[in-house]
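**Student:** how would this look folded up:
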Amino acid sequence: MELSIYLEQGKAMYIQIYEQIKTAILHKKLVTQSKLPSKRQLATQLGVSVHTVREAYDQLLAEGYIMSRERSGYFVSAFEQEWHPAASNNPNIESTESLNQQVLIDFNSGHLDATLFPYHIWKRLIRQHIAESSLVNSPWQGERTLRTEIAKYVGRSRGVQCEASQVFLYSGTQMQLQDLCQFFGLDICVGMEEPGFIRAKAVFEKLRIKVFPIQVDHNGITIPIEKLDLLYTTPAHQFPLGMIMPLERRMGLLKWANEHNSLIIEDDYDSEFRFNGLPIPSFAQIDQLQHVIYFGTFSKSLIPSMRISYMILPKSLVEAFEKFNRHQKSTVSRVEQLAVADFMKEGYFERHLAKMRTAYRKNHLTLLQAIETYLPKEFEIIGENSGLHIVLKLPHYLTEQRAIQTAIDIGIRIYPASVSFIEEPNTHMVILGYGGLTIDEIREGIFKLAETWLYNCPLVPHIRTNDKSASPRL
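**Tutor:** You can find the predicted model right below:
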């Protein structure tokens, strides 16, 4: 038998031979019991060494695609089950990519202004730690130098008094939440804000943990009635609705946690960005980590692709938690941990935060002014006092689905609030993030949204004009 095999430069020859024979077998171009050329014969045909063909045949033998008969040669193995390779999905992939290319303005709440990050400083710090000593793994808890800097930072900025031994580093909030739930056991009862952070909800669903939705009101999550083991909340800037929890509600929740021997997970995900008034004290500051587990992240304050988050535990849990994770390894790059530690120690982090606050305050004001200018009062702004996104409550004549689809049609991406609800919401809302947009993009985006929502929606009762060039200011 002569095989049709075509070899190209840039990839190991034996892998190409192995892959092409395997594909021919799977597609029935080589039928069961067919005899393959000898190693020497195929090597001569392809102009490669016998050793190269032997490596390919050995791999096919190991995976069971062919069999060897003594003094007879190599034959295609028999398969009891038919194999039908999956049809290509390339058309769908292409259409998804083309859809992404059409988005000109993206109001993603997770995007930041890439121009604000001090790359020259960061590159220097990274180069400083690219050395043999940095090639080993970090302790599973994370580098002590970074945990020490985090403990100092939360003490200054959030009033949380803790030691480095209480700080644990992870590659994202979901990772640390998952580890925490496994530590307490999957038969626990968890309370969660309704609506709440969809990625936290996804962790609980993945672990099949029983979740009780706890309604939020204008002060944030309400005080639960039932006994819970854990209560997950975002008090500094409730996600997605954006309200800030006042002190009275915080004290009420801490009293509930004390009475029921429950723990509150305080996710302080973007507390650095408050634009009106003094910083609100954290749960952990009031409680000083008795009934509070504190979550923080660098995704908002540095760059999202730097997957570093941290969890601060009460001292009473540290020993048991370390024992539970004694066989784990760190999930965070050691080089990045050391670079972030220096970034904080040398004062760059807090200077960077100050610069971001100034820039985002302008973006925040621009977004509110654009909404006020171009959209009627039926479009209600929710959660505008903190964080890097707002929620826009839609009027009765515009559904969330239609608002999002008509935005995509003009190259603008906005995000649904409904996915954050466990139960079906009775209002339509969308999320508008502004951290990754310029001032001009924010103005243009809101202007175009107003134009399409007000002029092109057949249910709008108060706009009837043939002058498409007119501004939608009302």
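**Student:** Is residue 416 in contact with residue 405, as I believe?
**Tutor:** No - Residue 416 is beyond contact range of residue 405, at 10.9 Å (criterion: Cβ atoms under 8 Å). Using the backbone N, CA and C atoms, a C-beta is placed for each residue, glycine as well.
**Student:** neighbour count winner among the two?
**Tutor:** Between residue 416 and residue 405, residue 416 has the larger neighbour count (other Cβ atoms under 10 Å), namely 18 against 10.
**Student:** need the contact list for the more buried one.
**Tutor:** Residues near residue 416 by Cβ atoms under 8 Å, 6 or more residues apart in numbering: 400, 401, 404, 430, 431.
**Student:** what's the spacing between the closest residue to the fourth one other than its chain neighbours and residue 112?
**Tutor:** Closest residue in space to residue 430, ignoring its immediate chain neighbours: residue 414 at 4.8 Å, by Cβ to Cβ, 6 or more residues apart in numbering. Counting by Cβ to Cβ, to the nearest Å, the separation of residue 414 from residue 112 is 18 Å.
**Student:** buried ones in stretch 324-335?
**Tutor:** By neighbour count on 16 or more other Cβ atoms under 10 Å, the buried set for stretch 324-335 is 330, 331, 332, 333, 334, 335.
**Student:** For the residues you listed, work out which two are farthest apart.
**Tutor:** Using Cβ to Cβ, the pair of those lying farthest apart is 331 and 335, separated by 13.9 Å.
**Student:** what's the burial count for the closest residue to residue 307 other than its chain neighbours?
**Tutor:** Spatial nearest neighbour of residue 307, excluding adjacent residues (Cβ to Cβ, 6+ apart): residue 171 at 4.1 Å. The number of residues packed near residue 171 is 16, by other Cβ under 10 Å.
**Student:** Could you tell me the model confidence score at residue 171?
**Tutor:** We have a pLDDT of 91 for residue 171.
**Student:** just checking, what packs against the helix or strand hosting residue 75?
**Tutor:** Using DSSP states H and E, residue 75 sits in strand 73-76. On a contact count with 3 or more Cβ pairs under 8 Å, 6 or more residues apart in numbering; DSSP states H and E, strand 73-76 meets strand 66-69.
**Student:** how near is the residue lying closest to residue 387 once chain neighbours are set aside to residue 270?
**Tutor:** Nearest-residue entry for residue 387: residue 237, 3.8 Å, with adjacent residues in sequence omitted and distances by Cβ to Cβ, 6+ apart. Residue 237 sits 6 Å away from residue 270, taking Cβ to Cβ as the criterion.
**Student:** all helices for the stretch 251-400 of the chain, in order.
**Tutor:** Here the stretch 251-400 of the chain has its helices, by DSSP state H, counting those that start in this stretch, at 283-287, 315-324, 334-345, 348-374, 400-409.
**Student:** Now do the shortest one, average pLDDT.
**Tutor:** Taken as a whole, helix 283-287 has a mean pLDDT of 82.
**Student:** what do you get for the fourth one?
**Tutor:** Averaged over helix 348-374, pLDDT sits at 91.
**Student:** And that helix, what's buried?
**Tutor:** Residues of helix 348-374 classed as buried: 348-349, 352-353, 356, 359-360, 363-364, 366-368, 370-371, 374 (neighbour count, 16+ other Cβ under 10 Å).
**Student:** Distance from the chain centre to it, please.
**Tutor:** Relative to its chain's centre, helix 348-374 lies at 22 Å (Cα atoms, centre = their mean, to the nearest Å).
**Student:** Now do that helix: which elements does it pack against?
**Tutor:** helix 334-345, strand 389-393, helix 439-455.
**Student:** out of the ones you listed, deepest packed?
**Tutor:** strand 389-393 (a mean of 23; mean count of other Cβ atoms under 10 Å).
**Student:** which residues are contacting it?
**Tutor:** 107, 109, 240-242, 367-368, 371, 379-384, 417, 427-435.
**Student:** Any of those buried? List them.
**Tutor:** Here, 16+ other Cβ under 10 Å leaves 107, 109, 240-242, 367-368, 371, 379, 381-384, 417, 428-435 buried among these.
**Student:** any idea of the pLDDT on the residue nearest to residue 196 when sequence neighbours are not counted?
**Tutor:** The shortest distance from residue 196 to any non-neighbouring residue, by Cβ to Cβ, 6+ apart, is to residue 420 (6.0 Å). Residue 420 carries a pLDDT score of 88 in this model.
**Student:** got it, and residue 60?
**Tutor:** 88.
**Student:** which residue packs closest to it, ignoring adjacent ones?
**Tutor:** residue 66 is the one closest to residue 60 (Cβ to Cβ, 6+ apart), at 4.6 Å.
**Student:** Any regions of the stretch 101-250 of the chain where pLDDT drops low?
**Tutor:** Within the stretch 101-250 of the chain, the segments meeting pLDDT under 70 span 101, 132-134.
**Student:** Could you rerun that using 50?
**Tutor:** Per-residue confidence for the stretch 101-250 of the chain (pLDDT under 50) gives these ranges: 101.
**Student:** now the strands for it?
**Tutor:** Using DSSP state E, counting those that start in this stretch, the strands assigned to the stretch 101-250 of the chain run over residues 105-106, 167-170, 189-194, 210-217, 220-221, 230-233.
**Student:** Parallel or antiparallel, list what pairs with the second one.
**Tutor:** Just to be clear, that refers to strand 167-170. strand 309-312 (antiparallel) (DSSP bridges).
**Student:** and the strand it pairs with, which residues are buried?
**Tutor:** With burial defined by 16+ other Cβ under 10 Å, the residues of strand 309-312 counted as buried are 309, 310, 311, 312.
**Student:** Taking the residues you listed together, which two end up most distant?
**Tutor:** Greatest spacing in the buried residues of strand 309-312, by Cβ to Cβ: 309 and 312 (11.1 Å).
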